[in-house]
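Asks: sequence and predicted structure are below.
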Amino acid sequence: MKNSISTFAGRTCGLFFLVNKYKYRVGRVLVLAMFITGLHAQSYTWNNVAMGGGGFVTGLVMSKTQQNLMYARTDVGGAYRWDAANSKWISLLDWASENETSYQGVESFAMDPQANNKLYILAGTSYWNSGKTAILKSIDNGNTFSITDVSTQFKAHGNGAGRANGEKLMVDPNDGNILFCGTRRNGLFKSTDAGATWVQNISLGTIVTPNDNGISFVLFDPATGTPGNATQKIFVGVSTITATNFYVSINGGATFTPLAGGPSVLMPQKAVLAGDKNLYITYADKEGPGNATTGEVWKYNTLTAVWTNITPAGGTGYGYSGVSVDPNDAQKIIIGTINKYLLQYGPATGGIYGDRFYLTTNGGSSWRNLIGSGITLDPNGCTWILGQSIHWGGSIEFNPFNTNEAWVISGNGIFVCNDLSATNTTWKFATKGIEETVCNDLVSITEGPMFSVIGDYDGFKHTDITQYSPIHNPRMGSTNGIAYATLNTNKLLRVGSKMYYTTDQGATWTQCTMNGSGGKIALSANGNIFLHCPNGSTFTYRSADNGATWSVCNGISTSNAIPVADAVNSNKFYAYDNNNGNIYISTDGGINFTVAGTPGSGGQKKIRTVPGQEGHLWLALANGGLKRSVNSGSSYTTISGVTTCAAVGLGKAAPNATYFTIYIWGRVNGVTGVHRSTDEGVTWIRVNDDEHEYGGLANGQFVQGDLNVFGRVYMSSAGRGIPYGEDNTVLPVSLTSFHVNAANGFANLSWNTEMEAGNNYFDVEKSTDGLSFNKAGTVASKAMNGSSSIPLHYTFTHDIKSLHGVIYYRIKQVDRDWKFAYSKVLSINNSDFKIETMKAFPNPAGSNNINLSIQLNTTRNVQLRITNISGVVVYKAAIGKLLAGNNLINLKDAGNLSKGSYFIELMSEADQAVIGKNKLVIQ
């Protein structure tokens, strides 16, 4: 966070009154803020779709003096702090703007051993923002940062080769004003003012290595300094095998000399200094993470200058990287391989292969293989990780306060073992809060789930975006595109290295043939026609037989085209060429394309079509703003007020609106971010804030609204998964009525909802004094996935025979984010009620000879229904008005009910409350 202004507000909506709705966390997770655009303001909560890890966590650092203080860095998804109380990670860099996307690649980080509140981050990525690089400094554990741009002096590459080496950035353990930073191409830099300014170390000069990794780590010997005085002995590792790769300074960095004696054809990865002055260094033949094939582990005695090869027996064919020492036992060390694929769990044939971890308690004289006996992988609720390995384990760390516990990084997240002494160790997937996937696309289906496709790990079918979801199966790894048929929503198509379609909304998938891999796809509104433009191709292909055969589409030669289907007319497809500025249209199911119009060049290729509106198109034209067409691309209207537009998407219409909500990532009234319009672009509000920019749209280049939840919007990111925002001013449930009455010793409650969005359940609460309420029962939402745009009816019956006097009731509505709201309070007086009865006779009865005796307290209109024992309604009738007192009814029109048991219910027509219920037997 760079700056934050927060505002609290209350609200009411319909019959619900919000209670405990707003929470506030200083820093990364800002649950309530007001976002101002012009005269408009909106309150939004931002979070991430739950997928779980999914990317390379490149390093861990732990405080040796403050228990549970731990940080993780990633190659494309920023940095995190461990929240031990909630067993999850907190993201620290979500504030990065689209001009700071580069900061999502964290090259290194450092804690100040004398000040646990201080954290320094070396952030930069070569391919974002021209490689913008900064030293980020926090004095509050990552809640806020100051930024020192060092791009003109040196550049980092958090997603570069050797990114698990380190740490390159270190704070002097005796003087917190002194920092050293190893770089990839410019040698060693020093700061004497706590990171504010930096000067190149002349002694080492400009170090350039063939692998472009440069300096792999910097390490201090704390014993060679005193508090307030600079540490004198400093070690520097260099990522090369063709020149000197290990240096030492004994005068605080004024001069460095080569430190000879280690392995000659391996490069240092990491080093750690034990309390007995032995330095443990891991080596590999390459910088890693994906290319090391061999390596060794060495011990260097800093007092005697003696080198010892302590590589585990039989482990010389492995590259090594991770190393950690017990702060209280200098003989206890844990190490890890990198890029070694040996059996971790499962059968010998077809098992899961990954890295090895070794533990010594005698300074490396002997080692215990922590993986060799087989491990148990605990998914920790994230089922897709089963069948995956712990790999690229470039950093492994003891818990300094419990060295029977160790944490290790992986190409898919973080794992922890809580009992290293176990014969068969268990490693738990400890990535809750870390969302590091790169989402390439997603679709939200009306009255259905959301489907995502991501890099490396396929994607997911999300029926609840707050919970981990099942991965697409069969799997193919990185998946580039997904589409669904708007008029046949059970049918979807996804593409990566392979192509699959489903006719049952992802329960099963069938593989297609394809011409070229990757790229983007379209599915006609009825699902009968596939279009596919493979990655790097100028051809777009068409199939009308579920991908069995393909033909080239005529009239379109756009490179890397993104074909899009009209959401109504199954014969219409569109494609935009951002080079010549043309929109192409096909009206014959993709066989032939012609130019429909020319909105302008330079835009984003992804056109948005509109469900239920044939020919409606929305197009993000970058510096050309936002344009729309209502005639299949023949002509366009420029939306005023939108200066730039990188992406556009549609979501569920606002209450009482007649058109879908429009979302953009763009610039409106001088402010760049996610903006929303509920009136077809006439007015806009910004719905994210400066704390939730996620580095912009980055790889996926999309924003997309949810078609089931008004106000919910998704966006792509460089490596923070799928961030999404939700409108705090939108009540998840619109309650239109709430009634309670009493009959036969029961309170009968009924309520109706007009719409539901993310609803979880209702708690019925009762009170005898109107002040203190207790739960009487729970009623689950009837809406699919908690969201519905149609009215729903609910009932609840409460036994009040033991209660006397006035009884109060209210409904507590709980949404899927565990926010809740209360209805108004209603009351009944149990002492006023007389028993109302309904009796069927004869019983058993014939199907055409059913009589009812009904005793009512008041005159009212009633209805009758008969259900079988499965709850299926087999008869329903509006009886009409019955008088107070006794009423006799003969059901001659009940039909020919088959023999069996039934339930017959009498209900008030006004509120559907059950007056009486009898079991009925037909013989």
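Replies: Cool, got the structure. Just so it is clear, the structure is predicted and the values come from calculations on it, not from any experiment.
Asks: which parts of the stretch 601-750 of the chain are strands?
Replies: Ranges of strands in the stretch 601-750 of the chain, per DSSP state E, counting those that start in this stretch, are 608-610, 613-620, 626-629, 637-638, 642-651, 661-668, 671-677, 685-686, 703-705, 713-715, 723-727, 733-743, 746-756.
Asks: lowest average pLDDT across the ones you listed?
Replies: With a mean of 84, strand 733-743 has the lowest mean pLDDT of the strands of the stretch 601-750 of the chain.
Asks: elements contacting it?
Replies: Based on contacts counted as 3 or more C-beta pairs under 8 Å, 6 or more residues apart in numbering; DSSP states H and E, the elements that strand 733-743 packs against are strand 746-756, strand 806-815, strand 826-829, strand 914-922. Heads up, the C-betas are built off the backbone N, CA and C, glycines and all.
Asks: angle of the longest one against strand 806-815?
Replies: Same thing as strand 746-756. Note on geometry: by axes from the mean of the first three to the mean of the last three C-alpha atoms, to 10 degrees, strand 746-756 and strand 806-815 are set 30 degrees apart in direction.
Asks: may I have strand 746-756 exported as PDB, CA atoms only?
Replies: Coordinates of each C-alpha in strand 746-756 appear next as PDB, following Å, rounded to 0.1, in the frame of the first residue of the first chain:
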ATOM      1  CA  PHE A 746     -46.700 -24.300  15.600                       C
ATOM      2  CA  ALA A 747     -45.400 -21.000  14.300                       C
ATOM      3  CA  ASN A 748     -45.400 -21.000  10.500                       C
ATOM      4  CA  LEU A 749     -43.000 -18.600   8.900                       C
ATOM      5  CA  SER A 750     -42.800 -17.900   5.200                       C
ATOM      6  CA  TRP A 751     -40.800 -15.500   3.100                       C
ATOM      7  CA  ASN A 752     -40.100 -14.700  -0.500                       C
ATOM      8  CA  THR A 753     -37.100 -13.500  -2.300                       C
ATOM      9  CA  GLU A 754     -37.100 -11.600  -5.600                       C
ATOM     10  CA  MET A 755     -33.500 -12.400  -6.400                       C
ATOM     11  CA  GLU A 756     -30.500 -13.900  -4.700                       C
END
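Asks: helices or strands next to that strand in the packing?
Replies: Packed next to strand 746-756, using 3+ C-beta pairs under 8 Å, 6+ apart, are strand 733-743, strand 759-767, strand 792-799, strand 806-815.
Asks: with the second one instead?
Replies: With contacts taken as 3+ C-beta pairs under 8 Å, 6+ apart, strand 806-815 sits against strand 733-743, strand 746-756, strand 759-767, strand 820-822, strand 826-829.
Asks: who does it pair up with?
Replies: Strand 806-815 has its sheet partners listed here by DSSP bridges as strand 759-767 (antiparallel), strand 820-822 (antiparallel), strand 826-829 (antiparallel).
Asks: avg pLDDT for the second one?
Replies: What that stands for is strand 820-822. For strand 820-822, the per-residue pLDDT values average out at 78.
Asks: now do the buried residues in it.
Replies: Of the residues in strand 820-822, those buried under the neighbour-count criterion (16 or more other C-beta atoms under 10 Å) are 820-822.
Asks: on that earlier part again, okay if I get the helices and strands packed on strand 806-815 as CSV plus distance to residue 855?
Replies: As requested, those are arranged in CSV below (distance: least, C-beta to C-beta, whole Å):
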stretch, distance to residue 855
strand 733-743, 10
strand 746-756, 15
strand 759-767, 26
strand 820-822, 35
strand 826-829, 19
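Asks: out of the buried residues of strand 820-822, who's nearest residue 433?
Replies: Proximity of those to residue 433 was ranked by C-beta to C-beta; the top entry is residue 820 with 23.1 Å.
Asks: so what's the closest one bridging to?
Replies: residue 19, residue 814.
Asks: can I get the strands of the stretch 601-750 of the chain in a markdown table with mean neighbour count and distance to residue 223?
Replies: What follows is these, written out as a markdown table (neighbours: other C-beta atoms under 10 Å; distance: least, C-beta to C-beta, whole Å):
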| stretch | mean neighbour count | distance to residue 223 |
| --- | --- | --- |
| strand 608-610 | 23 | 63 |
| strand 613-620 | 22 | 59 |
| strand 626-629 | 23 | 63 |
| strand 637-638 | 14 | 68 |
| strand 642-651 | 23 | 53 |
| strand 661-668 | 26 | 52 |
| strand 671-677 | 24 | 50 |
| strand 685-686 | 20 | 54 |
| strand 703-705 | 27 | 54 |
| strand 713-715 | 28 | 50 |
| strand 723-727 | 23 | 45 |
| strand 733-743 | 20 | 64 |
| strand 746-756 | 22 | 64 |
